[in-house]
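**Student:** just need the structure, nothing else, for what follows:
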Amino acid sequence: MHLYLSSSSPLHSTFSNEEGQVLYKVETPVMSLSARTSTISCVVPSTSGPDSTTSMQDTFALLGQVEHNRFSSSVMRFGGNEFKTKDYFRKEGLGPYGRHRVFTASDGREYKWLLQDSKSKLITNDEAKTLVASFHVKHFGIIGKARPASLEIFPPGEHIVQEILITFIYIEKIRKDKEAAAHSQ
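**Tutor:** You can find the predicted model right below:
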């Protein structure tokens, strides 16, 4: 499953499937004196018309939020729960942009977000280290074919797409901040 982003930034984007149908949108204020909060919404199918066919209009419902705090633990809200990221994630290993983040998903399995150069990858946190999701940055087509930014979710993660998306928004904010700090030195 590929979710194509409408912009280069996962924090300000719609996520569409291969057919172009918007499935998710993420909105994050650009400037805020307090914590910045990313709001993640999902499209809500509606039944319309005389034959009761399902329509995917751009009607959205709140899926979750990520409150990005600078001086205290960030907070994720989804599935009717609120999680401090310092409790939800465990830091493990080291990548170019900091320590990787491990979490236990609703399926009871552990997954690890790898903070890599220009992209994040999600793998199972076991011996197999199966690739579950990968972020692909936008290519402008100078070398190779142009393509939009996308979040590719492989079959081992298709049953937890929403958890992947919410944790991805948190991870990308961390990675982008560390990337910006590294480039400013």
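
**Student:** end-to-end on stretch 138-149?
**Tutor:** 4 Å (CA to CA, to the nearest Å).

**Student:** also stretch 1-11?
**Tutor:** Stretch 1-11: ends 20 Å apart by CA to CA.

**Student:** which other residues reach that stretch?
**Tutor:** 13-18, 23-24, 26, 28, 38, 135, 137-138, 148-154, 158, 161, 165, 168-169, 172-173, 176 (CB atoms under 8 Å, 6 or more residues apart in numbering). Any C-beta I mention is one placed from the backbone N, CA and C, and that applies to glycine too.

**Student:** those in helices, which ones?
**Tutor:** Among these, the members found in helices (DSSP state H) are 161, 165, 168, 169, 172, 173, 176.

**Student:** the fifth one: what's it in contact with?
**Tutor:** To tie it back to what came earlier, the one meant is residue 172. Residue 172 makes contacts with 10, 11, 120, 135, as judged by CB under 8 Å, 6+ apart.

**Student:** from residue 133, how far off is the first one?
**Tutor:** It refers to residue 10. 12 Å (CB to CB, to the nearest Å).

**Student:** where does this protein have low pLDDT?
**Tutor:** Scanning the chain for pLDDT under 70 picks out 32-34, 47-58, 97, 140-141, 144, 146, 182-185.

**Student:** appreciated, that's everything.
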